[in-house]
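> this is a predicted model, with the sequence first.
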Amino acid sequence: MTSTSSKNKAPKKGALSPAFAALGLDERLLRAVSDLGYTEPSPVQAAAIPEVLAGHDVVAAAQTGTGKTCAFLLPAMQMLGHAQRGHGPLMLVLTPTRELAQQIETAASQIAKRTHHICTSVVGGVSYEPQKRALADGTDILIATPGRLMDLMKQDACHLDEVQMLVLDEADRMLDMGFLPDVKTIVADMPEERQTLLFSATLDESVLKHTSTLVHDPVSIEIAHKGTAAKTVEQYALAVSHEAKTQVLIDILKKRGQKRVIVFCNGKHRADTLCKKLRKAGISCLPIHGDRSQNQRQRALSHFADGMVDVLVATDVLARGIDVSDVSYVINFDVPHDDIENYIHRIGRTGRAGEEGWALSLVEPDDYLYLRDAEQLMDSVIPDYPDTEGLDLGENPGFLDPERNPQDKLMPKKIRRRIERQHAQARRAESKRTQSDRVQDEEAALAESTGKKLEHEAKHVAARKPKKAEHAAKPAHARSERTKAEASDERRPKSQKKDQKRDQRNHERRPKNANASSKRQKPRQKKRTDEERVYDGSPKSFGMRKLGKRGLDLAKPKKKHTRHPGDHGGTRAKAKSKAHA
């Protein structure tokens, strides 16, 4: 299970690749190829670039991680003109996921440094306003997810009447029943005279039947047949029981190394729950699924790429087209059920661009037939995981038949789901039974401890007061014989009982000779009348009448002093005023 390999060295700065030049790319694009670090074209690039430059519609199928993005971006950006300000887009790229749209935008922006095209991405999970402003300013290349593009078209913020080239990346996903209605609506707003390119890892007849209205006399390029997994990925399967699955995953991550690992599972809530359990085990991880916002998903990918997070726990939104370099290995915590081709896309996250990697699938009994579906798709048997030393696989881990034939006829999915529901109900019933037994054990232990406590209290009271011991030993129903004093005491309100207890405590704390106490009580002051109260400026006397030493006489209003001519105050003025009075 190797995880590293030698990579083609990038050409020296300024050196142009003769292999790409032979495909018909001009000097601008050759310099862009040099910036991207390519030396030799991949098979899909060598087959698709000349056909796109010739103006043909193309339907291409190639394995994941073989450079399909540059297979359509390089020739398209060589042929594409530049939109006027406030116009465009001239080229539309539709993708199923936000992460894939961001990845294509990054690659297009690198090439645009040489071609000077304007690239814009519109995806869900972020604000509309920046995207509306970018479209209003004009763009050459628009990379979008169908849902957000439909919203902008309904708001009259995006117009597709100038589109010259349409690209459907991951075309098998874009043309299934989930995206097909939106794709048809978007295509209806485009000019009929356009070039259309369909790229995917797998294409079958069920998908190709929807392409008749999209492409005209297309050139078919099939580098990999349906069900072809990457040869650089070693695959393994391990049978485990349902209850031991999480601990087995934790043990493998700690044993094989937890750096740069992607764990796939079925369902958003399952991904969140698994992430919490891994964190409790000391493994740094982040979830990626459809309920996470675009900023959260982008942050998780950037932290994983920078090494700040060791493990990504993801659903199938991360299975297609996301180019995360140097992934050590992939673990399928759950074998995919709905679309078995996602198995190939999942394991393709490792062993990319010529590197080597390995993938492990944890197979509980309900997953066994879905693993057989994947083997039937690839026409090969997945070998058992060899390094099981120290792993507790649980009580009923199941059995992987080493002599199984991948082409055997398997049970229909409808019957499988019925059996899965029965197993789930049995697990829930067992969980409830276990929980009920645990509650009963707790109640029995509590009753036993309570009985011991009562017995201990009875013995303790018996040693001090035999009469109280007899009363405490009586059962609850036999304690109704009470004296009238006890009955009246119980009928008293609680506040009265508290006052009685407080008085009793205070009485006990008083000194024996209370009259000889050193603290003398101050005599109670007599309540003063209004005439005796004096305003002294304190808050208590605020608002009272201002009385002087002579009492109420000073509270009478004083006569106003009438000033005579020539009376300027001072001592002489006062003397004159007295004489005048």
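Cool, the structure landed. Residues are numbered from 1 along each chain as shown.

> contact partners for Ile344?
Applying C-beta atoms under 8 Å, 6 or more residues apart in numbering, we find Ile344 in contact with Thr64, Ala201, Thr202, Gly227, Thr228, Ala229, Ala374, Leu377, Met378. Bear in mind the C-beta positions are built from the backbone N, C-alpha and C, glycine included.

> among those, name the ones in helices.
Residues of the contacts of Ile344 located in helices (DSSP state H): Ala374, Leu377, Met378.

> Throw these into a markdown table and include pLDDT and distance to Glu395, thanks.
What follows is the ones in helices among the contacts of Ile344, written out as a markdown table (pLDDT from 0 to 100; distance: C-beta to C-beta, whole Å):
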| residue | pLDDT | distance to Glu395 |
| --- | --- | --- |
| Ala374 | 90 | 26 |
| Leu377 | 87 | 31 |
| Met378 | 88 | 31 |
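
> most neighbours among those, which one?
Tallying neighbours with other C-beta atoms under 10 Å puts Ala374 at the head of the ones in helices among the contacts of Ile344, with 26 neighbours.

> below-threshold pLDDT in the stretch 101-250 of the chain: ranges please.
Across the stretch 101-250 of the chain, the ranges flagged by pLDDT under 70 are 177, 204-207, 224-227.

> can you map out the strands along it?
All strands of the stretch 101-250 of the chain, identified by DSSP state E, counting those that start in this stretch, fall at 119-122, 141-144, 165-169, 195-200, 219-222, 233-239.

> right, so these: which one is the most enclosed?
Ranked by mean neighbour count under mean count of other C-beta atoms under 10 Å, those are led by strand 141-144, which reaches a mean of 27.

> where do the helices sit along the stretch 301-450 of the chain?
342-347, 368-378, 413-464 (DSSP state H, counting those that start in this stretch).

> low pLDDT regions in the stretch 251-400 of the chain?
Checking the stretch 251-400 of the chain against pLDDT under 70 turns up 321-323, 353-354.

> quick one: the strands in it?
Using DSSP E, counting those that start in this stretch, the strands of the stretch 251-400 of the chain run over 261-264, 285-288, 311-314, 329-332, 357-363.

> so which of the ones you listed is the most packed in?
Mean neighbour counts were compared across the strands of the stretch 251-400 of the chain using mean count of other C-beta under 10 Å; the top stretch is strand 311-314, at a mean of 26.

> name the residues that touch it?
For strand 311-314, contacts defined as C-beta under 8 Å, 6+ apart pick out 253, 258, 261-265, 271, 274-275, 278, 283-289, 300-301, 304, 318, 333.

> ok, now stretch 376-392?
The set of residues external to stretch 376-392 that reach it, using C-beta under 8 Å, 6+ apart, is 226-229, 235-238, 244, 247-248, 251-252, 255-256, 340-341, 343-344, 360-361, 371, 374-375, 400, 402, 404, 406-408, 410.

> mind redoing it with 6 Å?
The contact list for stretch 376-392 (C-beta atoms under 6 Å, 6 or more residues apart in numbering) reads 227, 229, 235-238, 244, 248, 251, 340, 360, 375, 406.

> between those residues, which is nearest Thr450?
Ala244 (37.5 Å; C-beta to C-beta).

> what's the burial count for the residue lying closest to the closest one once chain neighbours are set aside?
Of all residues not flanking Ala244 in the chain, Gly394 sits nearest, at 3.2 Å (C-beta to C-beta, 6 or more residues apart in numbering). The tally of other residues near Gly394 (other C-beta under 10 Å) stands at 17.

> ok, Gly394 - contacts?
Neighbouring residues of Gly394 by C-beta under 6 Å, 6+ apart: Val240, Ser241, Glu243, Ala244.

> what about Gly178, distance to Lys209?
For Gly178, the distance to Lys209 equals 16 Å [C-beta to C-beta, to the nearest Å].

> okay, these two: which has more neighbours?
A side-by-side neighbour count of Gly178 and Lys209, using other C-beta under 10 Å, places Gly178 first with 12 against 9.

> would you quantify the distance from the more buried one to His337?
Taking C-beta to C-beta as the measure, Gly178 falls 16 Å from His337.

> repeat that for Leu208.
For Leu208, the distance to His337 (C-beta to C-beta) stands at 25 Å.

> hang on, the earlier thing: which of the contacts of Ile344 lies closest to Glu430?
Nearest to Glu430 among these, with distances taken as C-beta to C-beta, is Ala374, at 29.2 Å.

> tell me, how many residues neighbour the spatially closest residue to the closest one that is not a sequence neighbour?
Nearest residue to Ala374, sequence neighbours excluded (C-beta to C-beta, 6+ apart): Tyr343, at 4.3 Å. Using other C-beta under 10 Å, Tyr343 has 28 other residues around it.

> test my guess that Tyr343 contacts Glu375.
No - using C-beta atoms under 6 Å, Tyr343 makes no contact with Glu375, being 9.5 Å away.

> and the residue nearest to Val33 when sequence neighbours are not counted, what are its phi and psi?
Excluding its sequence neighbours, the residue lying closest to Val33 (C-beta to C-beta, 6+ apart) is Phe20, at 5.0 Å. Dihedral pair for Phe20: phi -70, psi -30, per degrees, to the nearest 10.

> if I look at the residue lying closest to Phe333 once chain neighbours are set aside, how far off is Leu23?
Residue nearest to Phe333 in three dimensions, not counting chain neighbours: Cys265, with 4.3 Å by C-beta to C-beta, 6+ apart. From Cys265 across to Leu23, the span is 41 Å (C-beta to C-beta).

> neighbour count winner among those two?
In this view Cys265 and Leu23 are compared by other C-beta under 10 Å, and Cys265 has more residues nearby, 27 against 21.

> contacting residues around the more buried one?
Cys265 neighbours (C-beta under 6 Å, 6+ apart): Ala271, Leu274, Phe333, Asp334.

> follow-up on the earlier one: how about the contacts of stretch 376-392 in a markdown table, adding distance to Met174?
Listed next are these as a markdown table, based on distance: C-beta to C-beta, whole Å:
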| residue | distance to Met174 |
| --- | --- |
| Gly227 | 20 |
| Ala229 | 22 |
| Gln235 | 27 |
| Tyr236 | 32 |
| Ala237 | 31 |
| Leu238 | 34 |
| Ala244 | 39 |
| Val248 | 36 |
| Asp251 | 39 |
| Ile340 | 19 |
| Leu360 | 30 |
| Glu375 | 27 |
| Pro406 | 29 |
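
> which of those lies closest to Glu457?
Taking these together and measuring to Glu457 by C-beta to C-beta, the closest member is Ala244, at 46.5 Å.

> how close does the closest one sit to Ala32?
Here Ala244 is placed at a distance of 51 Å from Ala32 (C-beta to C-beta).

> between the two, who's got more neighbours?
The neighbour comparison of Ala244 against Ala32 (other C-beta under 10 Å) goes to Ala32, with 24 against 19.

> which of the three states applies to the more buried one?
At Ala32 the chain is in helix, as set by DSSP: H, G, I helix; E, B strand; the rest coil.

> residues touching it, list them.
The contact partners of Ala32, by C-beta under 6 Å, 6+ apart, come to Ile111, Arg114.

> let's see 8 Å
Contacts for Ala32 (C-beta under 8 Å, 6+ apart) come out as Leu74, Gln110, Ile111, Lys113, Arg114, Thr115.
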